[in-house]
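Engineer: show me how the following folds:
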Amino acid sequence: MPLYEHVFLARQDLAQAQVDALAENATKIVEAQEGKVTKVENWGLRNLAYKIAKNRKAHYVLLNIDAPAGTVAELERQTQINEDVIRYMTIRVDELEAGPSVMMRKSDRDRERGDRGDRGDRGPRGDRGDRGPRRDRDEASDGE
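Structural biologist: Okay, here's the model as predicted:
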């Protein structure tokens, strides 16, 4: 059967339990159509690049799906109807990732990195005179 990655964005005002229920509902839709969900990843509440339906943030969820095309069409239809989902995208892939996705590896790496600590002195900084004359001051004096 074909393999798919399905990502949906849920409204920011939903509780985590409601987001988990949306993922469970999507899993039930796929399994009812004789497909299977191999992995569910919750990427958490993340900032959006721009406002979508008055939301600045959204809960991101990834589903790895092994199912026929008709199953994915039904999942997308149900997702489109749901008012709690503000965006979704399904992509057909050649193979599914076995371990955690790139998004999860990134958050693990950030946690391991920890606090950057005190930045200390950033070196000598000269006054404005070291950087040359200001343009607006020079332009104003030219007109006088």
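Engineer: ranges for the strands of this protein?
Structural biologist: Using DSSP state E, the strands found in the chain span residues 3-11, 36-52, 55-66, 85-93.
Engineer: ok, which of these comes nearest Lys106?
Structural biologist: Nearest to Lys106, of all these, is strand 36-52, at 9.6 Å by CB to CB. In this view, the C-beta of every residue, glycine as well, is placed from N, C-alpha and C.
Engineer: tell me the contacts of Leu3?
Structural biologist: 64-66, 92-96 (CB atoms under 8 Å, 6 or more residues apart in numbering).
Engineer: swap in 6 Å and give it another go.
Structural biologist: Shown in contact with Leu3 (CB atoms under 6 Å, 6 or more residues apart in numbering): 66, 93, 96.
Engineer: so which of the strands of the chain gets nearest Glu24?
Structural biologist: strand 36-52 (8.5 Å).
Engineer: what pairs with that closest one, and is each one parallel or antiparallel?
Structural biologist: strand 55-66 (antiparallel) (DSSP bridges).
Engineer: could you list the buried residues of the strand it pairs with?
Structural biologist: 55, 57-65 (16 or more other CB atoms under 10 Å).
Engineer: now do stretch 62-81
Structural biologist: 62-65, 67, 71-72, 74-76, 79.
Engineer: ok, so of the residues you listed, who is nearest Met103?
Structural biologist: Nearest to Met103, judged by CB to CB, of these is Leu62 at 7.5 Å.
Engineer: so who does that closest one touch?
Structural biologist: Each residue near Leu62 by CB under 6 Å, 6+ apart is listed here: 7, 41.
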